[in-house]
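Trainee: A structural model of the following input is requested.
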Amino acid sequence: MEHHETLGMIVKKSRQNKKLRQIEVSKSASISRNYLSDIENDRYTPSLKTFIRLASVLELDLNLLTKMTEIQVKYSGEESKCTTN
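Mentor: Numbering: from 1, shown residues only. Take a look at the predicted model:
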């Protein structure tokens, strides 16, 4: 099975590459540090508004990020179908 980066992994890696702390990113994105931590650890999926703000703060290509998450949704949907059959 191929390894796919999750949205949380991408956010965390981007933040770390920019040498930013969670508190800095969370303040810039108008979310709590705990919520950012939950996103980075894939406990929560951000709303579209938060998704866009995080992409802006971390200077991520929103189009590429959107395509990557669409692939993840399709992949996880196929995976769950396989496990229920």
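
Trainee: Now do the same for residue 49: its pLDDT.
Mentor: Residue 49 is assigned 92 on the pLDDT scale.

Trainee: and it, how many neighbours does it have?
Mentor: 11 (other Cβ atoms under 10 Å). C-betas here are computed from N, CA, C, even on glycine.

Trainee: can you check the one 4 residues further on too?
Mentor: Close neighbours of residue 53, defined as other Cβ under 10 Å, add up to 17.

Trainee: do residue 62 as well
Mentor: Neighbour number of residue 62 under other Cβ under 10 Å is 12.

Trainee: tell me the contacts of it?
Mentor: 52, 55, 56 (Cβ atoms under 8 Å, 6 or more residues apart in numbering).

Trainee: Just say helix, strand or coil for the first one.
Mentor: Going back to what we said before, that points to residue 52. helix (DSSP: H, G, I helix; E, B strand; the rest coil).

Trainee: That one: what's its closest spatial neighbour, skipping adjacent residues?
Mentor: Leaving aside its sequence neighbours, residue 52 sits nearest to residue 62 (Cβ to Cβ, 6 or more residues apart in numbering; 6.7 Å).

Trainee: repeat for residue 55
Mentor: Nearest to residue 55 is residue 62, by Cβ to Cβ, 6+ apart, at 4.7 Å.

Trainee: show me where pLDDT drops low in the chain?
Mentor: 1-3, 68-85 (pLDDT under 70).

Trainee: which stretches of it form helices?
Mentor: 7-17, 22-28, 33-40, 48-57, 62-84 (DSSP state H).

Trainee: Give me the phi and psi for residue 31.
Mentor: phi -130, psi 170 (degrees, to the nearest 10).

Trainee: Could you list which residues are in contact with the closest residue in space to it that isn't next to it in sequence?
Mentor: Spatial nearest neighbour of residue 31, chain neighbours left out: residue 50 (5.9 Å); criterion: Cβ to Cβ, 6+ apart. Residue 50 makes contact with 29, 31, 39, according to Cβ under 8 Å, 6+ apart.

Trainee: Pretty sure the last one sits against residue 9.
Mentor: Spelled out, it's residue 39. No: using Cβ atoms under 8 Å, residue 39 is not in contact with residue 9; the gap is 10.4 Å.
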